[in-house]
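*Asks:* take a look and give me a structure for this.
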Amino acid sequence: MSTKFLTYDTLKMLNDSAIRNGLNRSLVFEKLPIAKADVYPVVMAFMHNDIEMRCELILNRHGDSAWLDMPIKAFNELPEDDSESDQVEFTDNIELESYRHLLDADKLKAILDNAEGE
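*Replies:* Predicted structure coming up:
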C-alpha cells in the first residue's frame, strides 16, 4: 500500500494556499497538536470537486486528525511511502530525513501559484 505524506513545511505551504484561496478545509496552525520535525500521513483522500482533493491527515501519535483541501495537481506531487504494510502510522522525526528529499518543494509551490491564478 502506498501512503502520501506531508512534512511540516509542505503542510504549512498547502494550508496557506487553502486559506488564500478560500478552500473549504484549512487549518488553524496555532491550535494544532503538531511538531515541525514530524511527517504527516494522508490516511484518506477523495475528489472534493473538479479541481480539489479533500485529505485527512494524521497529526500526531495520539491519532488526532485534520482535513485539508488542496489542488489535485498538488496532491499528485506529494511523496509516497511504498511500504508493504496496510497499516498507516504516524511518522516522527527519526525517519523524516529519508522522506524530505522525495518532495520537490519548488514544483509544489509553482503548482499552488498557478492554481491561485485559475
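*Asks:* from here on, contacts and neighbour counts on C-alpha atoms
*Replies:* OK.
*Asks:* may I have the phi/psi pair for L78?
*Replies:* phi -60, psi 140 (degrees, to the nearest 10).
*Asks:* burial measure for it, as a count.
*Replies:* 19 (other C-alpha atoms under 10 Å).
*Asks:* V43: what secondary structure?
*Replies:* strand (DSSP: H, G, I helix; E, B strand; the rest coil).
*Asks:* correct me if wrong: it contacts L57.
*Replies:* Yes - contact criterion C-alpha atoms under 8 Å: V43 and L57 qualify, at 5.9 Å.
*Asks:* give me the more crowded residue out of these two.
*Replies:* When V43 and L57 are compared for neighbours, L57 comes out ahead with 24 against 17, by other C-alpha under 10 Å.
*Asks:* in a helix, the more buried one, correct?
*Replies:* No - in this structure, L57 is strand, not part of a helix, as judged by three-state DSSP.
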